[in-house]
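J.: Test case, fold it:
(4 chains)
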There are 2 protein chains.
Amino acid sequence: MSISSRFSVGIHILTLIDFNKEEARSSEYLAASVNTNPAVIRKIMAMLKKAELIEVRPGVAGAKLAKELSDISLLDVYKAVNVVKENELFSMHDTPNPKCPIGKNIQQAIEPLFVSAQLAMEKVLGNITLEDVMKDIAKKENTEC
Amino acid sequence: MSISSRFSVGIHILTLIDFNKEEARSSEYLAASVNTNPAVIRKIMAMLKKAELIEVRPGVAGAKLAKELSDISLLDVYKAVNVVKENELFSMHDTPNPKCPIGKNIQQAIEPLFVSAQLAMEKVLGNITLEDVMKDIAKKENTEC
DNA sequence: TTACATGTAATCATTTTAGTTACAGGATGG
DNA sequence: CCATCCTGTAACTAAAATGATTACATGTAA
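T.: Okay, here's the model as predicted:
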């Protein structure tokens, strides 16, 4: 299993929108950079819009970031594109046998441990911003896109 | 998406084996506690055996832990049941456009960030042992199983 | 009104998961 | 030795999720 690439594509889109802030780019343009279908991009952009990370108008090319790059964390994007449900990164097996002391109590014993592991991961994402990502990209390249 | 329940079932199996260490239990017995099919249990036990967490003999009921509960971390189980590939908790979209400076560099920029988030999660799992789980269960119940 | 954009539903192939059945082969006691 | 119970494992299935694709309704603006 693996967390959906919607997350990395979401980061890509946001970074690309900022990079092109002087020009109004269509979903087709963004799709060409990501290398996928424009409808896929529009679907993800709908999620980013719902999370108030971008502003898009129906029928009009050129989405804009709703916040500064430095005010958008990877966790914001992660939550926006809905790749992992709250406290459900790890799935539990359904209905273990309640007649067995292990079966009866294992889920309650394990769940807080799983949650703490998930939160540790999400905390790391919360401490990284899109500005960090952009700076790293800028280190390597300065050309037009 | 969600990490396979093989992980929680693996924890369940190991804990249950230890709980029943005085009696030789079959995969059918374990399956009844987990509430699944014996073949599913045997498949997961094959992985736990390969990771040297348990000792099982073909044809003979009664697997035994290869180590103490306190020497088996949740991370050991997690790796044994192969629920997440190394450094691939987050998936990347394939082949972004190399002609675009963002597309060209985004993956290299993002990957180490994803890896650090994954490692933070795995570190938490590495600091929890099956003994911790068992103690929590024992707090709630002391009956036979 | 024409051209081009977003929004979104419907469909599809692929992959993964978990369950199920079936059976080969090991172990053991009578 | 053989009947019985076990593990090991392959093959098949249903269900769910992902990402791609097509199609089209609707919005915008020159």
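J.: In three-state terms, label the residue in chain A sticking out farthest from the centre for me.
T.: Distance from the C-alpha centroid of chain A peaks at residue A:99, with 41.2 Å (Cα atoms, centre = their mean). With DSSP: H, G, I helix; E, B strand; the rest coil as the basis, residue A:99 sits in coil.
J.: got the phi/psi numbers for it?
T.: Torsion angles at residue A:99 (phi, psi; degrees, to the nearest 10) stand at phi -80, psi -10.
J.: could you check the distance from it over to residue B:62?
T.: For residue A:99, the distance to residue B:62 (Cβ to Cβ, to the nearest Å) stands at 21 Å. In this view, the C-beta of every residue, glycine as well, is placed from N, C-alpha and C.
J.: dump the residue contacts of residue A:123.
T.: Going by Cβ atoms under 8 Å, 6 or more residues apart in numbering or on different chains, residue A:123 touches residue B:120.
J.: Repeat that for the one 10 residues further on.
T.: If you count contacts by Cβ under 8 Å, 6+ apart, residue A:133 has them with A:11, A:15, A:74, B:106, B:109, B:110, B:113.
J.: if you set the cut-off to 10 Å instead, what comes out?
T.: A:11-12, A:14-15, A:18, A:69, A:72, A:74, A:77, B:102, B:105-106, B:109-110, B:113 (Cβ atoms under 10 Å, 6 or more residues apart in numbering or on different chains).
J.: And residue A:111, by the same measure?
T.: Counting by Cβ under 10 Å, 6+ apart, residue A:111 touches A:87, A:90, A:92, B:8.
J.: and the last one, how many neighbours?
T.: The local packing of residue B:8 (other Cβ atoms under 10 Å in any protein chain shown) involves 24 other residues.
J.: Would you confirm that it contacts residue B:14?
T.: No - the pair residue B:8 / residue B:14 is not scored as a contact, 11.1 Å apart, by Cβ atoms under 10 Å.
J.: can you list residues touching both of these two?
T.: In contact with both residue B:8 and residue B:14: residue B:77, using Cβ under 10 Å, 6+ apart.
J.: sorry, back to before: looking at the contacts of residue A:133, which gets the smallest pLDDT?
T.: The member of the contacts of residue A:133 with the lowest pLDDT is residue B:102, at 80.
J.: does it count as helix, strand or coil?
T.: On the three-state scheme (three-state DSSP), residue B:102 is labelled helix.
J.: what lines up beside the lowest-mean-pLDDT helix or strand in chain A in the sheet?
T.: Here the helix or strand of chain A ranked lowest by mean pLDDT, DSSP states H and E is strand A:60-65, holding a mean of 86. The pairing partners recorded for strand A:60-65 under DSSP bridges are strand A:54-57 (antiparallel).
J.: Is there any residue in the partner strand that contacts DNA strand D?
T.: Yes - using Cβ under 7 Å from any atom of the strand, we find that strand A:54-57 touches DNA strand D at residue A:57.
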